[in-house]
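> sequence plus the predicted model coming up.
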Amino acid sequence: MNTRMTRQIVVIGGGPAGLAAAAAAKKNGAEDVLILERDRVLGGILNQCIHNGFGLHTFQEELTGPEYAARFIRIVEEQQIPYLLSTIVVDLARLENGRIAVSVMNRSEGLFVIEAEAVILAMGCRERPRGALNIPGYRPAGIFTAGTAQRFVNIEGKMPGREVVILGSGDIGLIMARRMTLEGAKVKVVAELMPYSGGLKRNIVQCLNDYGIPLKLSHTVVDIKGKDRVEAVTIAEVGPDRRPIPGTEEEYTCDTLLLSCGLIPENELTGKLGADLSPVTSGPVVNESLETSIPGVYACGNVLHVHDLVDYVSEEASEAGARAAEYVSGKDCAAGEPCAIRAVDGVRYTVPAVLRIGKMRERQVIRFRVGEVFRDAEVVIELDGKSYRSVRKKIMAPGEMEQVILPKKDLEEIKPSVITIRIRTNM
Amino acid sequence: MVDVLIIGAGVTGAAIARELARDERTILVVEKELDVCEGTSKANSGIAHAGFDAKPGTLKAQMNVRGSRMMEQLSKELDFPYRKNGSLVLAFHEEDLKTLEELLERGRRNGVEDLRIITAEEVRALEPNVSEQVCGALYAPTGAIIDPFLMNVAFAENAFVNGADFLFGAKVSHITRNQETGSYTVRIRTVKGARKEHYGQNAAALPAELTIEARTVVNAAGVYADEIHNLVSARKIHITPRRGQYLLMDKAAGGFVSATVFQCPTAMGKGVLVTPTVHGNLLVGPDSENIEEKEGTNTTAASLSYVLSRAGLTADRLPARQVITSFAGLRAHGDVGDFLLEEAEDAPDFYDAACIESPGLTSAPAIGEYMAQLIREKHPAPARPHFDGTRRGTPCVSMASLEERQKLIEQDPAYANVVCRCELVTEGEIVDAITRPLGARTLDGIKRRVRAGMGRCQAGFCMPRQMELLEEQTGLAPEEIVKSGADAFILFGESGKGVSV
Amino acid sequence: MANQIRELTCIRCPMGCQIQVTLNEEKEVVNITGNTCPRGAEYAAAEVTHPMRTVTSTVKVIGGELPVVSVKTAGDIPKDGIMACMAAINQVQVKAPVHIGDVLLENAAGLGADLVATRDVEAI
């Protein structure tokens, strides 16, 4: 197998993260950027997210998914950044010269290797399927992840169901509850295992409440009936241990079960490369530069951690692109000692997980998610065990990403070796 | 009039068809589902058992050991995945050690080669992940794993290209024996999508009902073999569907064990095993439960958690978080306890290959031979002049070396276009699965042949693309495409019709 | 005092602010709290008197690289007109090519907003 080409920066994925990363890399001086996209078009999952609500942060206007994608595609086209479509990366390996061998396959060029100085991982995530949820019952047709159903309706123009039950209240599930209703389907119920919704509050309002679709928290599917096509599903209440409570079963006649039970970053390639992965996010562990444990390999968007807002994906990806451009330019400043960020007491993880103060921007964004619903609680930041700052929040929920900002000058002064982020509740 | 009509295109029926195709005779395989491998053959452990479990002197013992010995060579002739990974039966206490001695003795009497009992240290050297509680094991180096779908597909395809015809979506409703001629009249009802496949011709749609005359009938109807048998014989048999549930784990967990690891058998079966699959996943199961419903392939929360907890005895660090799917299979348990492989006493030329429970998959090659020989003795036929017992399967891009991949792509660039990214299955493989002899017509049919959709996302991403390829290659409309069964359709037609003015 | 307070979750942006709207006896808005931006106040005022929504869906395309094109109402329409709007959308068919921003239906269902395409679908 031949090395067909060398590139400064290879961006894996042409969705919102990859597009923004590539554009930022180019803007920050990288001349030679290539985007690899496995689908037939750029834009990734945004193409099927035809609802609005994107871009308020990035463009100060409310766009639909395809419109948001088109904005970034136009930027990439204007910058004349090349991309390969229907192209899949089959392997990533670090070479002795420190470069990354990207093994690629597509119809027109077959199998070849691109040698890259830097790689930006932007492969996105996948939905948790039925099997991983261990839902018992038959295995008929009519069980789809919400995203698969979304593709059928919004891209293929086909209806995957008429009478629908949805398990999981992730945003795609909520959006599909409304979409299926608008297309004349009857969405009978949305069941959520947890005592809180996994999606954004606004989506509960405008996708469920607007249409009178009931949301049953602390409920799950305990049986699926139908040998060929789904005929009914049984839902039961769960206790605090998340196990079904006998006697609470309710059967819903339906032909379709949609699943919106979580997203998993797609890091099989990252694993092959040998980068450290976080067991909490399933994404790579990154530092302030969004660089993985492999030098020159950056990650952004849903491959890094699952976002609920594409605007933040773009912001994060732009940063990864800028950092990769700095890396290939050789203009690397002194990094300084790495400082670990510990997520404790209700904080599940942080991105980044490591800071090198010398490399920080003036204002470093730390994004995180909480593990349960907190009301009137404080996000407390400690430097080497000493309270540094706290931020009061009216409400924090696992379905919504949170962030705090650390100014570089403070950290330069204090030079902490450990930063701790925790939630303090008023007892 | 056909010479032999075989009911059931599971692994048993397909193996019999292929053996019978060695001779010059007309063969028709009648299958109620839309593809081969739709019953017990698709939902089992995928093991070629060494043969120490069956009671000496039984047909099970005889067929198992013979099948096990044939398997490796057959996997080469018919090009299906086979790996001799060895098997272990673990002992956790004194009582178990006695059972191992019994199994060893049984195995020797059955003719299983190289069986021996090994110490706890030897077990842990072979399998570092087994429980600390293990105090010894029976080691069977001849134990192996196979791809149950592809073995079934391979038998059927090879029978097909050697002249056997197949009816799909065709359920036998009545069989009557013509007392004058001795032949059988078989009445068939069909389902949506039913078709006749004849090698070298396009598939032909079948009418709602049809009748076929057959000289000889072979009953390989799996859990329904009792109903079929009882249509013609006054000596009734009874089959209990014995359900077993499994959990399949991601390839990330595939290296957890290298051998197939059993616990000591019980009255209900071989117990819960932990095994790698030929494709590198980890499989645990089955439990064992007698049920009534012959289509009762639903899983239950209780059984799945039982399987996990039992498998946890074998290996306490079992990677249970890596589960990607679960399924249930039905073993066709006959009241007698042994395979029923004979001409019915009161129905001449009606042959049963019935009550095929474990080790039925391992035994299939031997059952094929055995049944063909029974029929051949009664109705000899000259050898088929151009019989070719070999088959080339669909190339597997994900398992191919770089050089092999290059070569495939040079031949057909579709082998560079990945459709299922989890399992790295290409358009070339899916098109081959559809267009090869007796090719797939359903999404599950594609999955079983080339693994598209069998990975961690379970077809979430590639289902629309697979459907597109099925449409292109077969002319099916999107709404006609099914997962497996006739009514297992995916789509309800176009959007934009929900509300109107 | 017969003032009435309504609690709302703002849907103008993903922040989902909890807004309190105070209405007087004439059902007029007299006070809005809890919003973090002017858009929130606008939303809350409208929501308690005449709730409005943007509708997004798809329209059938003839001769295009895709069978449907995604569309939206260019502005908000009354919430109780959503299904009437869908019925109007379902009547529309367009010939490829279609481009982002193309108006596919003016003043959809008479609800005051045009229906526009939100992506390109080229002809084949």
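Happy to help now that I have it. Numbering: from 1, shown residues only, chains lettered A, B, ... in the order given.
> interface residues of the stretch 101-250 of chain B facing chain A?
Contacts of the stretch 101-250 of chain B with chain A, taken as C-beta under 8 Å from any C-beta of the partner chain, map to B:247, B:248. Bear in mind the C-beta positions are built from the backbone N, C-alpha and C, glycine included.
> show me the contacts for the residue of the stretch 101-250 of chain B found nearest chain A.
Residue of the stretch 101-250 of chain B nearest chain A, by C-beta to the nearest C-beta: residue B:248 (7.3 Å). Residue B:248 sits next to A:131, B:277, B:281, B:282, B:283, B:323, B:324, B:325, B:326, B:327 when contact means C-beta atoms under 8 Å, 6 or more residues apart in numbering or on different chains.
> can you redo those as a markdown table with secondary structure and distance to residue B:461?
Formatted as a markdown table, the contacts of residue B:248 follow (DSSP: H, G, I helix; E, B strand; the rest coil; distance: C-beta to C-beta, whole Å):
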| residue | secondary structure | distance to residue B:461 |
| --- | --- | --- |
| A:131 | helix | 15 |
| B:277 | coil | 22 |
| B:281 | coil | 19 |
| B:282 | strand | 23 |
| B:283 | strand | 23 |
| B:323 | strand | 19 |
| B:324 | strand | 14 |
| B:325 | strand | 16 |
| B:326 | strand | 21 |
| B:327 | strand | 21 |
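> just name the closest of those residues to residue B:236, please.
Nearest to residue B:236 among these is residue B:327, at 31.0 Å by C-beta to C-beta.
> helix/strand/coil for residue C:119?
Secondary structure for residue C:119, judged by DSSP: H, G, I helix; E, B strand; the rest coil, is coil.
> any idea how far it lies from chain B?
16 Å (C-beta to the nearest C-beta, to the nearest Å).
> so where do the strands sit in chain C?
Counting by DSSP state E, chain C has strands at residues C:4-9, C:18-23, C:29-33, C:52-53, C:56-62, C:68-73, C:77-78, C:93-95, C:103-105, C:115-117.
> tell me which of those strands sits nearest to chain B.
Here strand C:56-62 is closest among the strands of chain C (C-beta to the nearest C-beta), at 5.6 Å.
> next SSE after the host helix or strand of residue B:371?
Secondary structure assignment for residue B:371, by DSSP states H and E: helix B:360-378. Downstream of helix B:360-378, the first helix or strand assigned by DSSP H and E is helix B:402-411.
> now check the helix or strand just after that following helix, is it near chain A?
Later in the chain than helix B:402-411, the nearest helix or strand by DSSP H and E is strand B:418-420. Yes. Applying C-beta under 8 Å from any C-beta, one finds strand B:418-420 in contact with chain A at residue B:418.
> I'd like to know which of the contacts of residue B:248 is nearest to residue B:220.
Nearest member of the contacts of residue B:248 to residue B:220, counting by C-beta to C-beta, is residue B:327, at 21.9 Å.
> residues contacting the closest one?
Neighbour list for residue B:327: A:139, B:43, B:245, B:246, B:248, B:297, B:299 [criterion: C-beta under 8 Å, 6+ apart].
> what sits against the residue nearest to the fifth one when sequence neighbours are not counted?
Yep, that's residue B:248 we're talking about. The shortest distance from residue B:248 to any non-neighbouring residue, by C-beta to C-beta, 6 or more residues apart in numbering or on different chains, is to residue B:325 (5.0 Å). Going by C-beta under 8 Å, 6+ apart, residue B:325 touches A:129, A:130, A:131, A:132, B:247, B:248, B:458.
> ok, the fifth one to residue B:456 distance?
Using C-beta to C-beta, to the nearest Å, residue B:247 is found at 14 Å from residue B:456.
> could you pull up phi and psi at the residue nearest to residue A:278 when sequence neighbours are not counted?
Leaving aside its chain neighbours, residue A:278 sits nearest to residue A:285 (5.2 Å; criterion: C-beta to C-beta, 6+ apart). Backbone torsions for residue A:285, taken as degrees, to the nearest 10, come to phi -80, psi 130.
> make sure residue A:285 is actually in contact with residue A:291.
No. With contact defined as C-beta atoms under 8 Å, residue A:285 does not reach residue A:291; the gap is 9.9 Å.
> of the two, which one has the most company?
residue A:291 (26 against 21; other C-beta atoms under 10 Å in any protein chain shown).
> dihedrals phi and psi, the more buried one?
Per degrees, to the nearest 10, the backbone of residue A:291 is at phi -90, psi 140.
> before we move on, what SS does the residue nearest to it when sequence neighbours are not counted have?
Excluding the flanking residues, the one nearest residue A:291 by C-beta to C-beta, 6+ apart is residue A:298, at 5.4 Å. Secondary structure state of residue A:298, per three-state DSSP, is strand.
> check the one 4 residues further on too.
Classification of residue A:302 using three-state DSSP returns helix.
> same check on the one 3 residues further on?
Assigned state for residue A:305: coil (three-state reduction, three-state DSSP).
> same question for residue A:61.
Per three-state DSSP, residue A:61 ends up coil.
> tell me how far it lies from residue C:72.
Distance from residue A:61 to residue C:72, counting by C-beta to C-beta: 12 Å.
> with chain C in mind, check whether stretch A:148-157 reaches it.
Yes. Counting by C-beta under 8 Å from any C-beta, chain C is contacted by stretch A:148-157 at A:153, A:154, A:155, A:156, A:157.
> count the neighbours of the fourth one for me.
The burial count assigned to residue A:156 is 21, neighbours taken as other C-beta under 10 Å.
> check contacts around it.
For residue A:156, the contact set (C-beta under 8 Å, 6+ apart) comprises B:464, B:478, C:67, C:68.
> try it again with 10 Å
Residues near residue A:156 by C-beta atoms under 10 Å, 6 or more residues apart in numbering or on different chains: A:48, B:464, B:467, B:468, B:478, B:491, B:494, B:495, C:58, C:66, C:67, C:68.
> cool, the third one as well?
With contacts defined as C-beta under 10 Å, 6+ apart, the neighbours of residue A:155 are A:41, A:47, A:48, A:50, A:66, B:464, C:58, C:66, C:67, C:68, C:70, C:119.
> avg pLDDT for stretch A:50-69?
Stretch A:50-69 carries an average pLDDT of 94.
> now do stretch C:70-82
Here the average pLDDT along stretch C:70-82 is 96.
> please parse chain C into its domains.
C:4-49, C:56-117 (automatic domain parsing).
> ends of the first one, how far apart?
The stretch domain C:4-49 measures 13 Å between its terminal residues, going by C-alpha to C-alpha, to the nearest Å.
> ok, now stretch A:118-126?
25 Å.
> show me what contacts the spatially most central residue of chain C?
By C-alpha atoms, centre = their mean, the mean C-alpha position of chain C lies nearest to residue C:54, the distance being 1.2 Å. Counting by C-beta under 10 Å, 6+ apart, residue C:54 touches A:51-53, A:62, A:64, A:206, C:72-77, C:82, C:113.
> equivalent analysis for residue B:35, please.
B:9, B:42, B:149, B:152-153, B:156, B:166, B:168-169, B:438-442, B:444-446, B:448-449, B:484-485.
> okay, and which of these map to helices?
Judged by DSSP state H, helices contain the following of those: B:149, B:152, B:153, B:156, B:444, B:445, B:446, B:448, B:449.
> show me what residue of chain A gets nearest to chain B.
Of all residues in chain A, residue A:184 sits closest to chain B, at 1.9 Å by C-beta to the nearest C-beta.
> right, I'll call it a day here.
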